[in-house]
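give me the fold of what follows.
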Amino acid sequence: MSKLDLIRHLELFNPDTFKTPITVLGAGATGSWLALALAKLGIEDITVWDYDTVESHNIPNQSYGIDDIEQYKVIALQSDIETATGINIKIKPEKFTNQKLNGFVFLMVDSMTERKEYGNQELK
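Predicted coordinates for the structure are as follows:
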């Protein structure tokens, strides 16, 4: 059975025809679930940036488990997504600092300071 056999939404959305890269800035409460949902759709060109580590207070509202505590969020997320979907996302365990991005960009950081900082950067 292929991974596409497991995807029930192929009549509405075929991930093989979706070629736009996706970048998620922030792997917290919304970013971690977003990246997982996109991978479950079959999208493979996903890059997630986050320089934070998983803490115990992240477990209730983020996609991480207890075994992920003290790991970089993006490393834990990459492993969790690969386990759940077979897709190996690209990760950047660092702060985004105006690197060139292509495709769709989702700003999912939870800090208002960072949102303003990223919002003032020119995404090329």
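
for Thr7, give me the pLDDT.
For the record, residue 7 is Ile, not Thr. In this model, Ile7 is scored at 64, pLDDT.

what does the one 4 residues further on give?
For Glu11, the pLDDT comes out at 74.

which residue is the nearest non-sequential neighbour of Lys73?
Distances taken as C-beta to C-beta, 6 or more residues apart in numbering place Ala27 nearest to Lys73, at 4.1 Å, with adjacent residues excluded. Every C-beta, even on glycine, is put in place using the N, C-alpha and C of the backbone.

you'd agree that neighbour is in a strand?
No: membership of Ala27 in a strand is not supported by DSSP: H, G, I helix; E, B strand; the rest coil, which gives coil.

that one contacts Val48, doesn't it?
Yes: with contact defined as C-beta atoms under 8 Å, Ala27 reaches Val48; the gap is 5.2 Å.

hang on, the earlier thing: give the contact list for the residue nearest to Lys73.
In this structure, Ala27 makes contact with Ala35, Val48, Trp49, Asp50, Asp52, Gln62, Lys73, Val74, Leu77, Met108, judged by C-beta atoms under 8 Å, 6 or more residues apart in numbering.
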